[in-house]
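**Student:** what follows is a predicted structure for the sequence shown.
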Amino acid sequence: MSRIAFIGLGNMGLPMAVNLAKAGHELHVFDTVAAAVESARTEGMMAAASAADAVADVEIIVTMLPNGPIVLKVFEDIVPAAQKGAVIIDCSTIDVASAKKAHAMSEAAGLLPLDAPVSGGIAGAAAGTLTFMAGGSKEAFAKAEPVLSVMGGKLVHCGGGGAGQSAKICNNMLLAVSMIGACESFALAEKLGLSAQAAYDVISTSSGFCWSVNKYCPVPGIGPESPADNDYKPGFAAELMLKDLGLSQQAAGETGQATPMGEHAMHLYETFLKEGGAGKDFSGIIEYLKTAARG
Ligand code: NAD
């Protein structure tokens, strides 16, 4: 069993830390919100006075924080306080450039860094079935594997520093584009007088099939159960999709790669959020598209 520091006990971090504690690891935790630390303490974890205190005597450090600037700020505190050789795993979804800076800072201090963002959401965090996409050295990945496998069902080593974040934003950019495409098809089918069931029966077994149609259909009552059947309660919130689209556009800008569909998807999610989409699942964009002016 390992001594593990866990920093960032929010919607995702707390259930992930709970799973590590339940598996018998010794957890030293910190969050800037006292109530979050208290919830962890009631689950048998040790509350630290600061992030630096939490990491001082552990072999593994996990961070689960809102964004790149916060991750880098926390790393500035914890990297000098950590033991040489400790594995430092950032599971937050952040921009690739910040992830690479976090790697450089950690390696310079003799730590073994991994960027390991997740997919699977709050339900996956609670069930311990997250997918981890990791970037970093083989050594860091091998040492992190036993800990990540407690929190996740699937681990993919994507390459060197930043490769996990790169994989995550490329996947989610495609997901946004395919979801918008699925929503447009169902909206047009309706205007043409086609039933949603007929559209689904054809598309899901023809060349238009994709995860957004077959597994997460944006129309209620069609296909396997999805947020559409629950008034578009997330699921995967539109706000989080917009965050990931912003990160992919940042990466596209930094690399000079044209991503016109990803850019347009980002603008559509911005508009959806302004026009009633706040707090809804990302598939709820079908409601906006059905009423949007053509032009
Ligand atoms: P959250 O806002 O619920 O949790 C973030 C936690 O970090 C909060 O408890 C906050 O108090 C804490 N925090 C902020 N600044 C801190 C600091 N300086 N030191 C210590 N703690 C600090 O967010 P979340 O939903 O748990 O998401 C965390 C990360 O996981 C994000 O990067 C998000 O994009 C990603 N993610 C979320 C989901 C999801 O469904 N919620 C899915 C996949 C990935």
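**Tutor:** Great, that's in hand.

**Student:** tell me how many other residues surround the residue in the stretch 101-250 of the chain positioned nearest to the ligand.
**Tutor:** Ranking the residues of the stretch 101-250 of the chain by distance to the ligand (C-beta to the nearest ligand atom) places residue 121 first, at 3.8 Å. Using the backbone N, CA and C atoms, a C-beta is placed for each residue, glycine as well. Residues near residue 121, counting by other C-beta atoms under 10 Å, number 16.

**Student:** swap in residue 110?
**Tutor:** 12.

**Student:** then residue 73?
**Tutor:** Going by other C-beta under 10 Å, the residues that sit close to residue 73 add up to 11.

**Student:** any buried residues in the helix or strand where it lies, and which?
**Tutor:** According to DSSP states H and E, residue 73 maps onto helix 68-78. Neighbour-count burial for helix 68-78 flags 68, 70-72, 74-75, 77-78 (criterion: 16 or more other C-beta atoms under 10 Å).

**Student:** near the ligand, from those?
**Tutor:** 70, 74 (C-beta under 6 Å from any ligand atom).

**Student:** okay, the buried residues of helix 68-78 in CSV with pLDDT and distance to residue 246 next?
**Tutor:** Listed next are these as CSV, based on pLDDT from 0 to 100; distance: C-beta to C-beta, whole Å:
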residue, pLDDT, distance to residue 246
68, 97, 11
70, 97, 15
71, 98, 16
72, 98, 17
74, 98, 21
75, 98, 21
77, 98, 26
78, 98, 26
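
**Student:** one step back: the residue of the stretch 101-250 of the chain closest to the ligand and residue 240, how far apart?
**Tutor:** Using C-beta to C-beta, to the nearest Å, we find residue 121 at a distance of 8 Å from residue 240.

**Student:** likewise residue 294?
**Tutor:** 28 Å.

**Student:** neighbour count for these two, which is higher?
**Tutor:** residue 240 (16 against 3).
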